[in-house]
Structure formats: C-alpha cells, structure tokens
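Chemist: Predicted model follows, preceded by the sequence.
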Amino acid sequence: MKKVISSLLILVMAISGCSMTQPKDDIAVSESIVTTADVTSVTTAETLAPTSTPTPTPEPEPYGFNPHVHSSLLSEVVKEEWWDSFYNMCDAMREGKDTFECSDKAAYKWCTDEVTLGDFFPAACTLVKGDGYKDGTGRLKYKIDKESFAARQSTFEEEIVRMVNEAVRSDYTDFEKLMAMYDYVTLNFSYDFSDIDGSNIDEFGNYACLTSKNGICCEIADSLAYLLMQCGVDAVSVSGYGDNMDHEWTYVVIDGKGYHVDATWALRSGDPSAPLFLTYFMQTDDERVSDGFDRDRFEVHDLSWWKKDYDKSRFAATDEKFKPLHDNAEFVSMDREKKVIKYRDIDWNVLEFPYE
C-alpha cells in the first residue's frame, strides 16, 4: 500500500497542469404504355412466385466482462507465460482462491505488483497481495474478507459491461470502437483531484476513476486504455514531460499503427452540448512535441515503473493520416456505412473525413 500511495502522491504533485445525411438522388424511371397483350404475356409461374423476404441482419453479441485484458505492446518485456500466470491469478481471485499456478518467481513478482493489478485487474489493487511463491505456485493474501471482495469485483464487472455496451458494439472496427469510446469517456468523465489525499485506494487510481468517473490525467488515461482493452483494442497509457508540465494520455494501435489519444484535454464533464474537439485525437509524436512535451521523455506507464531500457521505438506515432482533424475540428458523428467521420471545421462547415 505504501508503495502505490507514495508513487501516486509523487505523480499527483507533478501533474497540477493536466486539465489543461445527404438525400439520395431520385432514380429516373422511363414511362411506357402497358397493353393488354403485355399483361397476358406474363407467365403464371412469375405471377405466383413467392416474394423473397430478405434475411434480417442479426444484432451483434453484447460484450461480457473480460477478466483477461491484454496488451501485446508490452510483449518485449512481459512474456506470454507471465500473462498466463496473471490470468490464472485473476481467475483465482474471482473464485476466492488463495493460490494460483505461476510459471516462475519473476512472473509472480510482475503479477502481484500493484501497478500491474491497478492497470489490468483494478478492483484487486492493494486489496489482494502476493503472499509468496514456491514450486510453480503463487499465494494470495486478501486484506478484506473474500465475500466483500467478491461483491466488489462483481459490482465493478457489471459497471464495466454497462459502459462498454453503452459506448460500442462488437461489430465495430477497432477504429470505430476507439472513436466511440473516446466520445463516451470525454463526455462522461470529469477532471477532479479533490479526493486525492493518499488515504484510500478507492479515491485514487484506475478503479476509483472507472467507478466514480472522476480523476486526473493519469487515471483518465488508464481508464480509457482499460475500456479499450475490454473491447479488444490494444492500448497503454503514456507519460509525457515538458518544461512546465507532466501529463499522461493513452497510446493506441489501429491497423498496425500507433497514435497518441489524449482524453483529458477533450473532457466535456457530462455536458452533451459541449463540443468534442479532435485536436488531441490520433496524434503523432511530432504533434505531442508541439504541445510542449519532450520527445525523449515519453514513458510507458506499465513499463517505466520497473524497467527503463525497453525499446521505445515500439511506441512511436508517425502516421499523419488524421492530421486534418487537428485544426479545430469538432466531431459531429460517425457514419459507419460510408466509413467517414463528419466534423465541423473552423468556419462551421460540415465536412467528411474517411477513416478507412
């Protein structure tokens, strides 16, 4: 507990500046005179043929809770057997068990780390701890009674499922999931540091932000990443440092390319009339540098706590496809049939941007 609270307090003290259908053309039909001969020439088979009814498109399956969220972006450091061990631990906690199968001691250390739990199994952070490793088995220690933890986890899962299904559908593409979830988070979450006093994990961290919808930049970045991973989009949170500010946002991979997505700087705090500007959506490294961040000081949250020599090139963002949206574009809607985003430009013209 001391480890995560002290780390969080240091981060909080450094982050005081975070808050910074067109009508279809009529189809012309040529007119002709229909004679009696024309009518009688139609065959009986044609007149009696049953009218075919188009098969309705089935509704996509709703999302359920995924206890095994994953980011392949961490694969350079986090081995697959570590992920398997972590999932064994998550399953054990959901069942109220005290032990889980674990590949080795290094995997056990990563699995039970408070940062790992906070980002990938939030309801357990600081409340379930590692209690030792021996011969392929990790032990767990619950700091609250198991019935209370089970209720906490169940309520958390229900809220995550509600949010994900309210924001996206399972037949969306990864970009559509991202666009819809960005819209949802920026509308429903608010910037708030009033509860941060270091005394209660329910007041600070990924779990607190996801359940209260309030947080500062690091919590909002982690929450967006977690919700995206819940629906299969690869995402992690990234810290950036500049001369006068420290900040955190989300890094995503869409169609094999990385982008920076900053939900904090687009928050609307529950006001549906507030515009959603896309200035900080799908940015490049260069654009983040233009925002005031040092290119050499980007850090991946899930790695920087315990490993400094990872390959940062894996988290580059160089594709400028979405740059036209960064000149004060205001999001209007997403047309999934035409695969375009409709937006207003600075002159209030409604334009279309093809995203696929």
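Modeler: Yep, it's here.

Chemist: Helices along the stretch 51-200 of the chain, start to end?
Modeler: With helices called from DSSP state H, counting those that start in this stretch, the stretch 51-200 of the chain shows them at 80-94, 105-111, 114-120, 146-167, 174-188.

Chemist: Need the winner for burial among those helices.
Modeler: helix 114-120 (a mean of 23; mean count of other CB atoms under 10 Å). The C-beta positions use only the backbone N, C-alpha and C, and glycine is treated the same way.

Chemist: rewinding a little: output the helices of the stretch 51-200 of the chain in TSV; the columns should cover mean pLDDT and distance to residue 220.
Modeler: Formatted as TSV, the helices of the stretch 51-200 of the chain follow (pLDDT from 0 to 100; distance: least, CB to CB, whole Å):
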stretch	mean pLDDT	distance to residue 220
helix 80-94	98	23
helix 105-111	96	25
helix 114-120	94	13
helix 146-167	98	14
helix 174-188	98	7
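
Chemist: Reformat those as a markdown table; add distance to residue 63.
Modeler: Shown next, in a markdown table, are the helices of the stretch 51-200 of the chain (distance: least, CB to CB, whole Å):
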| stretch | distance to residue 63 |
| --- | --- |
| helix 80-94 | 17 |
| helix 105-111 | 25 |
| helix 114-120 | 17 |
| helix 146-167 | 5 |
| helix 174-188 | 10 |
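
Chemist: Report pLDDT for residue 9.
Modeler: We have a pLDDT of 40 for residue 9.

Chemist: Let me see the ranges of the strands in this structure.
Modeler: Assigned by DSSP state E, the chain shows strands spanning 99-101, 128-134, 137-142, 190-191, 214-215, 235-241, 246-254, 257-261, 299-300, 330-335, 340-344, 350-354.

Chemist: The fifth one - contacts with which helices or strands?
Modeler: When contacts are defined as 3 or more CB pairs under 8 Å, 6 or more residues apart in numbering; DSSP states H and E, strand 214-215 sits against strand 190-191, helix 206-212.

Chemist: Same check on the longest one?
Modeler: The contact analysis (3+ CB pairs under 8 Å, 6+ apart) places strand 246-254 against helix 174-188, helix 217-230, strand 235-241, strand 257-261.

Chemist: So which residues make contact with the first one?
Modeler: Read that as helix 174-188. Helix 174-188 has contacts (CB atoms under 8 Å, 6 or more residues apart in numbering) with 163, 166-168, 172, 213, 220, 223-224, 227-228, 231-233, 252, 254-255, 261, 263, 266-268, 270-272, 276, 281, 331, 334, 336, 341, 355-356.

Chemist: Let me know the angle separating that helix from helix 217-230.
Modeler: 140 degrees (axes from the mean of the first three to the mean of the last three CA atoms, to 10 degrees).

Chemist: Can you show me the CA trace of helix 174-188 as PDB?
Modeler: Taking Å, rounded to 0.1, in the frame of the first residue of the first chain, the C-alpha atoms of helix 174-188 are listed here in PDB:
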ATOM      1  CA  ASP A 174     -11.100  -1.100 -34.000                       C
ATOM      2  CA  PHE A 175     -11.100   2.500 -35.100                       C
ATOM      3  CA  GLU A 176     -14.900   2.700 -34.600                       C
ATOM      4  CA  LYS A 177     -14.500   1.300 -31.100                       C
ATOM      5  CA  LEU A 178     -11.800   3.900 -30.400                       C
ATOM      6  CA  MET A 179     -13.800   6.800 -31.800                       C
ATOM      7  CA  ALA A 180     -17.000   5.700 -29.900                       C
ATOM      8  CA  MET A 181     -15.100   5.100 -26.600                       C
ATOM      9  CA  TYR A 182     -13.300   8.400 -26.900                       C
ATOM     10  CA  ASP A 183     -16.600  10.200 -27.300                       C
ATOM     11  CA  TYR A 184     -18.000   8.300 -24.400                       C
ATOM     12  CA  VAL A 185     -15.200   8.900 -21.900                       C
ATOM     13  CA  THR A 186     -14.700  12.600 -22.800                       C
ATOM     14  CA  LEU A 187     -18.500  13.200 -22.200                       C
ATOM     15  CA  ASN A 188     -19.000  11.100 -19.100                       C
END
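
Chemist: hang on, the earlier thing: return the members of the contacts of helix 174-188 classed as buried.
Modeler: The neighbour-count test (16 or more other CB atoms under 10 Å) marks 163, 167-168, 172, 213, 220, 223-224, 227-228, 231, 233, 252, 254, 261, 263, 266-268, 276, 281, 331, 334, 336, 341, 355 as buried among these.

Chemist: now the helices and strands packed on strand 246-254 in a markdown table, with distance to residue 153?
Modeler: Converted to a markdown table, those look like this (distance: least, CB to CB, whole Å):
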| stretch | distance to residue 153 |
| --- | --- |
| helix 174-188 | 22 |
| helix 217-230 | 15 |
| strand 235-241 | 22 |
| strand 257-261 | 28 |
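
Chemist: Out of these, which is closest to residue 105?
Modeler: Nearest of those to residue 105, taken as CB to CB: strand 235-241 at 24.7 Å.

Chemist: so how far is the closest one from its chain's centroid?
Modeler: Remark: strand 235-241 is offset 13 Å from the chain centroid, using CA atoms, centre = their mean, to the nearest Å.

Chemist: what does it rub up against?
Modeler: Strand 235-241 has contacts (CB under 8 Å, 6+ apart) with 71, 73-74, 119, 218, 221-222, 224-225, 228-229, 246-253, 260, 288, 293-294, 297-302, 304, 315.

Chemist: If any of those are buried, give me the ChimeraX selection for them.
Modeler: Selection of the buried residues among the contacts of strand 235-241 in ChimeraX, burial being defined by 16+ other CB under 10 Å:
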select :71,73,74,119,218,221,222,224,225,228,229,246,247,248,249,250,251,252,253,260,288,293,298,299,300,301,302,315
